[in-house]
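1. task: produce atomic coordinates for the following.
(4 chains)
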2 protein chains.
Amino acid sequence: MSKASDLAYSRIRQGITGGEWSPGTPLREEELAALCGVSRTPVREALRRLEAEYLVRRSEGARSYVADWSADDVAEMFALRAILEGHAAARAATRITAEGILALRALNEEVRASCGTDDTDRFLAANRQFHAIVLEAAQSPRLAQMLGALVEQPVVRRTAQRYGRGEFSRSLTEHAALIEAFEARDAQWAQSTMTGHIRRAFHAFAAANDA
Amino acid sequence: MSKASDLAYSRIRQGITGGEWSPGTPLREEELAALCGVSRTPVREALRRLEAEYLVRRSEGARSYVADWSADDVAEMFALRAILEGHAAARAATRITAEGILALRALNEEVRASCGTDDTDRFLAANRQFHAIVLEAAQSPRLAQMLGALVEQPVVRRTAQRYGRGEFSRSLTEHAALIEAFEARDAQWAQSTMTGHIRRAFHAFAAANDA
DNA sequence: GCAATCGCTATTGTATACAATATGGCCGGG
DNA sequence: CCCGGCCATATTGTATACAATAGCGATTGC
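-> Next up is the predicted model:
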């Protein structure tokens, strides 16, 4: 989109996903405008977009806050992600190119490399790109948009941070299985693997939070 | 939301879904503002919302048009709807109240009544409310939002109009089966029934369009 | 005659001023 | 002491003016 609007969007999103502002923090348009060096108009647009992504919540009185997530919310998001990302994997299985599979292999090698370290950012970056390639291969713009609102939430980061290396290597194995399914062009296999992958991540998150 | 913004949203949406403007028609902000009797600001907000619902498409140069749907687009939307609405039905099966089931029965009686006529609007209204109750019973705000963008597209209306009474009575039967599944609290049954319901509607649409 | 470029115009993006409205505190009554 | 209603103020909603930019046509050179 346009410059100022994009800038405000990126900056505010970063503030939320980066943990700069904790859940429940009020987001006042004027304040954000000053922070981003733009006027309220593009800030308002950015807030609406972030609201659609569930990163911002609006009160009855139309005030904006950093979204806070109940345990039920998280479960709901993971459930939807499991369904939609499973569907994406099924579509990708019959549509992904040889280059796409190569890219997935390379990214999973990057995941493997991060297993030996505690570099959460590195793992998350590789993981994100891996899922992005699958989503791209699914060739469904609407699916992509819906999932875009669901993934890369603050919750994903917290899961990885708390679960640590165990999470890394589990993901590595599951990604490898997914690649196998793609090579076999087996949509059912790919779907099951991806759905299981997400649901396992959910339980890892739930366990880490209860502890 | 606020008054002017909501007004613009409703009016423009009506223009699109009601067939007033055909796909590809340019939507100029100033013109719409004049039509709705508001300024460009709320019109812009409305256009962004409609864009998120895929009713409005934006060109590279940021101009807005009434969205046009390719056959692939329609298939993709129906596929997503089948998945998500099936999931909604599964959730609803274990959550719906006795009152909810009563409401569904009443609405399906309304559908039955419309079977004897060619009153498409009456059928569509009852059908829409029926699905809305299921969605409400699913108790998943995010799911509701996602499906909101998918249902009640112009395409639904066209399907019903072309398919006519046959579509009405098929829906009647399938809705009845869904109610049975709800009474049995059988999530799997409910999901399968709903998914089949949507997919059948899709093929009805495709057949009507090919003809 | 064709094509490419330049400039005008239509349209959208942004800023700001003003209006409407919710919020939170304050005061009065119970 | 608590509750409820009212008022000041903080915040959002809307309108309008201005800036930037894309689209489109005319004009000119080849």
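2. check contacts around residue A:172.
-> Under the criterion of CB atoms under 8 Å, 6 or more residues apart in numbering or on different chains, the contact partners of residue A:172 comprise A:108, A:111-112, A:115. Where you see a C-beta, it was placed from the backbone N, CA and C, and this is true even at glycine.
3. element containing the nearest residue to residue A:123 once chain neighbours are set aside?
-> What sits nearest to residue A:123 in space, not counting adjacent residues and going by CB to CB, 6 or more residues apart in numbering or on different chains, is residue A:114, at 4.1 Å. Residue A:114 belongs to helix A:98-115 when elements are defined using DSSP states H and E.
4. after that helix, heading C-terminal, what element do we hit next?
-> Using DSSP H and E, the helix or strand that directly follows helix A:98-115 along the chain is helix A:120-137.
5. who's in contact with that following helix?
-> Contacts with helix A:120-137, where a contact means CB under 8 Å, 6+ apart, come from A:85, A:88-89, A:91-92, A:95-97, A:100, A:103-104, A:107-108, A:110-111, A:113-115, A:143-144, A:147, A:151-152, A:156-157, A:160-161, A:168, A:171, A:175, A:178, A:194.
6. how about stretch A:65-75?
-> For stretch A:65-75, the surrounding residues in contact (CB under 8 Å, 6+ apart) are A:16, A:21-27, A:54-59, A:77, A:153, A:155, A:202, A:205-206, A:209.
7. how about the helix-or-strand element of chain A with minimal mean pLDDT: buried residues?
-> Counting by mean pLDDT, DSSP states H and E, the weakest-scoring helix or strand in chain A turns out to be helix A:154-163, with a mean of 74. By neighbour count with 16 or more other CB atoms under 10 Å in any protein chain shown, helix A:154-163 contains the buried residues A:154-157, A:159-160, A:163.
8. now the element after it, going C-ward?
-> helix A:165-183.
9. surely residue A:19 meets residue A:154?
-> Yes. With the criterion set as CB atoms under 8 Å, residue A:19 and residue A:154 qualify as a contacting pair; they are 6.7 Å apart.
10. which ones among the contacts of stretch A:65-75 map onto helices?
-> Cross-referencing the contacts of stretch A:65-75 against helices under DSSP state H gives A:16, A:77, A:155, A:202, A:205-206, A:209.
11. flag the least confident of the residues you listed.
-> Ranked by pLDDT, the ones in helices among the contacts of stretch A:65-75 bottom out at residue A:155, which scores 74.
12. nearest spatial neighbour of it, skipping sequence neighbours?
-> Here the nearest residue to residue A:155 in space, its sequence neighbours aside, is residue A:74; by CB to CB, 6+ apart that works out to 5.8 Å.
13. related to what we said a few turns ago, now render the contacts of residue A:172 as a markdown table, adding distance to residue A:123 and neighbour count.
-> Putting the contacts of residue A:172 into a markdown table (distance: CB to CB, whole Å; neighbours: other CB atoms under 10 Å in any protein chain shown) gives the following:
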| residue | distance to residue A:123 | neighbour count |
| --- | --- | --- |
| A:108 | 11 | 21 |
| A:111 | 6 | 22 |
| A:112 | 10 | 16 |
| A:115 | 8 | 17 |
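14. between the helix or strand containing residue A:48 and helix B:40-52, how many degrees?
-> Counting by DSSP H and E, the element that carries residue A:48 is helix A:40-52. Counting by axes from the mean of the first three to the mean of the last three CA atoms, to 10 degrees, helix A:40-52 lies at 30 degrees to helix B:40-52.
15. got the contact list for helix A:40-52?
-> Under CB under 8 Å, 6+ apart, the answer for helix A:40-52 is A:1-2, A:4-5, A:7-9, A:12-13, A:16, A:27, A:29-30, A:32-33, A:36, A:56-58, A:64, A:149, B:44-45, B:48-49, B:52.
16. DNA strand C next: which of those residues are close?
-> Among the contacts of helix A:40-52, proximity to DNA strand C is found for A:1-2, A:4-5, B:44 (CB under 7 Å from any atom of the strand).
17. what's the neighbour count on residue A:124?
-> For residue A:124, the tally of surrounding residues (other CB atoms under 10 Å in any protein chain shown) stands at 19.
18. count of residues packed around the residue nearest to residue A:155?
-> Every residue meeting other CB under 10 Å relative to residue A:74 is counted, giving 18.
19. and it, what element?
-> Under the criterion of DSSP H and E, residue A:74 resides in helix A:71-95.
20. mind listing what's buried along that helix?
-> By neighbour count with 16+ other CB under 10 Å, helix A:71-95 contains the buried residues A:73-74, A:76-93, A:95.
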